[in-house]
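1. Sequence and computational prediction follow.
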Amino acid sequence: MKSVPKEKIICAVGNYGYDWTMSIPIRKTEPPKPTVVDTEDLSVQEAWQRASDADADLDSTMTR
């Protein structure tokens, strides 16, 4: 704010989500470590819908 006037500052916040598939670890290591198998980019609407469909505990205050 000291070198750039506030009238020229633009702030952007990403509005998106990811859905990732994790492997089911075989108990060969302690503790077993899952790995990411696949990822999918989602719009924020798709992310909220998938979370709702999965009966996830959603906090609607985070959307404001």
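-> Right, received. Where do you want to start?
2. Can you name the residues bridging to the residue most central in space within the chain?
-> Centroid-nearest residue in the chain: residue 17, 4.3 Å away (criterion: CA atoms, centre = their mean). Taking DSSP bridges as the rule, residue 17 bridges to residue 42.
3. Quick one: residues contacting it.
-> 41-44, 46-48 (CB atoms under 8 Å, 6 or more residues apart in numbering). Glycine gets a C-beta too; all of them are placed from N, C-alpha and C.
4. between those residues, which is nearest residue 11?
-> residue 44 (17.5 Å; CB to CB).
5. what about the nearest residue to the closest one once chain neighbours are set aside, how many neighbours?
-> Leaving aside its chain neighbours, residue 44 sits nearest to residue 15 (4.7 Å; criterion: CB to CB, 6 or more residues apart in numbering). Neighbourhood size, residue 15 [other CB atoms under 10 Å]: 10.
6. What separation do you get for residue 15 and residue 27?
-> Separation of residue 15 from residue 27 (CB to CB, to the nearest Å) stands at 39 Å.
7. How about residue 56?
-> Residue 56 is 27 Å from residue 27, where distance means CB to CB.
8. got it, and residue 49?
-> Counting by CB to CB, the gap from residue 49 to residue 27 is 34 Å.
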